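Chemist: Build me a model from this:
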Amino acid sequence: MSSEDSESKVTPCKVAVLGAGSYGTAMAYVATHNGHSVCVYARDQKVVDSINNQHVNPKRFSDQKLPDSITASTDMATVLKDAAVVIHSVPAQHTPEFLAKHANLFTKGVPLVSTAKGIHVSTHRLMSEAIPEALGERAKEIPLVYLSGPSFAKEMMKGHPMAVVVAAHKLADAERAQKLLSSMRFRVYASEDVVGVEVGGALKNPLAIGAGMAQGLGFGQSTIAGLVTRGCREMRQLATALGGKPETLAGLSGVGDLMLTCFSSLSRNNRCGKALAKGKTIEEAFQEIGEVVEGVPTAHEVVMLAEKLKLELPLFRAVDAIISGKLKPKEALASIMGRDLKQEKFY
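Modeler: Coordinates of the predicted model:
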């Protein structure tokens, strides 16, 4: 059976994508694999005009033509009208305010699939807490789904095959999004463990900064492998303390996304860590990368959660200490490697 035959089993529909950044653009592109028409919300009229007339996002992947089935608008009502699914790709720190502003425009019963990863700094909440709060009473009428997993936007735009996971408190909601978005190049798994999937998606970012720091200091793959392994344990500890399932962190949103971001220079968080290791300030690193680095605000939020839940989480504490200027990268390394010797545990 050809890929076209498999993908054509999904009835084409309209997909709304909120956000014309790298991941929003990539999700719009992925959605067209199943023959869906896609309307993207963008704030910048120049971006909208370019997508509609030249079929190019001038700010993201400007060297790649977008399918004719992707259009854009600055008007949320136009973007959301008749959509069978809404993909929310606004950065985590702006998500609650954005959704609260537009809450009344969402259609009852239409799934809202969030790709935002991180902990909201102002409210100290995961997206699965911040989003329902932002939507207020509307949250009861809108199926909320959270997407995570190893998926670089650049590779999505190249059509590379990959796998992600969507989670919802009701498995049927996750499966609905799964069927709409899965294709031969974008395989979607479903889960009911919202907390586990969210923790994996959010916490891998600070660890990727740590991996970038290690690489920036000249250390090799053995160092990064140790960081990934121990980092995954710390993620499991926090997920379990928050009510998630530890086994979820062994899946796509946990170790899968963690390996991708820690080992690849395509990761913004990884590149941020390298820049810090070379002596650049956070502001200089941000300017060099040119996009949101969610791991920076998330690192401190994780430490605050660790204090509240009485968890040690030494890797996350070390990354936060470097970001906040309390420790130099080499000092943080010494604090990690000089800890009391212990038995290895996986829980």
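Chemist: quick one: the longest helix anywhere in the chain to chain centroid distance?
Modeler: Longest among the helix segments of the chain by residue count, using DSSP state H, is helix 194-216. Put simply, helix 194-216 sits 10 Å off its chain's centre (C-alpha atoms, centre = their mean, to the nearest Å).
Chemist: after it comes which helix or strand?
Modeler: Scanning forward in sequence from helix 194-216 by DSSP states H and E, the next helix or strand is helix 221-241.
Chemist: Let me know the angle separating that following helix from helix 194-216.
Modeler: 160 degrees (axes from the mean of the first three to the mean of the last three C-alpha atoms, to 10 degrees).
Chemist: Let me see the mean pLDDT of helix 221-241.
Modeler: The average pLDDT for helix 221-241 rounds to 95.
Chemist: Quick check: chain neighbours aside, which residue is closest to the spatially most central residue of the chain?
Modeler: By C-alpha atoms, centre = their mean, the mean C-alpha position of the chain lies nearest to K117, the distance being 3.8 Å. Among residues not flanking K117 along the chain, G201 sits closest, at 4.1 Å (C-beta to C-beta, 6 or more residues apart in numbering). Quick note: C-beta positions are derived from backbone N, CA and C, even for glycine.
Chemist: show me the contacts for that neighbour.
Modeler: Counting by C-beta atoms under 8 Å, 6 or more residues apart in numbering, G201 touches K117, Y146, S148, G149, S253, D257.
Chemist: Angles on the backbone of the fourth one, please.
Modeler: The reference is to G149. Dihedral pair for G149: phi 130, psi 170, per degrees, to the nearest 10.
Chemist: Quick check: it touching V164?
Modeler: Yes. If you go by C-beta atoms under 8 Å, G149 and V164 touch, sitting 3.2 Å apart.
Chemist: Next, show the common contact partners of the two.
Modeler: Common contacts of G149 and V164, defined by C-beta under 8 Å, 6+ apart, comprise Y189, L252.
Chemist: coming back round to it: what's the spacing between the residue nearest to the centre of the chain and E198?
Modeler: 8 Å (C-beta to C-beta, to the nearest Å).
Chemist: Give me the common contacts of these two.
Modeler: Joint contacts of K117 and E198 (C-beta under 8 Å, 6+ apart) are M127, S148.
Chemist: can I assume A72 sits in a strand?
Modeler: Yes. Per DSSP: H, G, I helix; E, B strand; the rest coil, A72 lies within a strand segment.
Chemist: Identify each of the helices in the stretch 201-347 of the chain and give its residue range.
Modeler: Under the criterion DSSP state H, counting those that start in this stretch, the stretch 201-347 of the chain carries helices at the ranges 221-241, 257-263, 268-277, 282-289, 295-309, 314-323, 329-337.
Chemist: Would you mind putting those into TSV with mean neighbour count and distance to D82 alongside?
Modeler: Converted to TSV, these look like this (neighbours: other C-beta atoms under 10 Å; distance: least, C-beta to C-beta, whole Å):
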stretch	mean neighbour count	distance to D82
helix 221-241	19	37
helix 257-263	23	32
helix 268-277	25	34
helix 282-289	14	37
helix 295-309	20	35
helix 314-323	24	43
helix 329-337	15	51
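Chemist: To R187, which of the ones you listed lies closest?
Modeler: Among the helices of the stretch 201-347 of the chain, the nearest to R187 by C-beta to C-beta is helix 257-263 (14.7 Å).
Chemist: Residues contacting the closest one, please?
Modeler: Under the contact criterion C-beta under 8 Å, 6+ apart, helix 257-263 has outside partners 148-152, 200-201, 204-205, 207-208, 210-211, 221, 224, 227-228, 231-232, 235, 267, 269-270.
Chemist: what's the answer for stretch 90-103, then?
Modeler: Against stretch 90-103 from outside (C-beta under 8 Å, 6+ apart): 18-19, 21, 24, 76, 88, 114, 116-123, 127, 130-131, 133-136, 138, 202, 292, 294, 297.
Chemist: Please save the CA atoms from it in CSV.
Modeler: Presented in CSV, the C-alpha positions along stretch 90-103 are these (Å, rounded to 0.1, in the frame of the first residue of the first chain):
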residue,chain,number,x,y,z
VAL,A,90,2.2,30.1,20.5
PRO,A,91,5.2,30.1,22.9
ALA,A,92,4.5,28.9,26.4
GLN,A,93,5.1,32.2,28.2
HIS,A,94,2.5,33.9,26.0
THR,A,95,0.0,31.1,25.9
PRO,A,96,-2.3,31.9,28.8
GLU,A,97,-2.7,35.6,27.8
PHE,A,98,-3.3,34.7,24.2
LEU,A,99,-5.9,32.1,24.9
ALA,A,100,-7.7,34.2,27.5
LYS,A,101,-8.0,37.0,25.0
HIS,A,102,-9.5,34.7,22.3
ALA,A,103,-11.4,32.2,24.5
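Chemist: what residues are up against the nearest residue to L238 once chain neighbours are set aside?
Modeler: Spatial nearest neighbour of L238, chain neighbours left out: V199 (5.9 Å); criterion: C-beta to C-beta, 6+ apart. Counting by C-beta under 8 Å, 6+ apart, V199 touches L126, M235, L238, A239, L242, G244, L249, G254.
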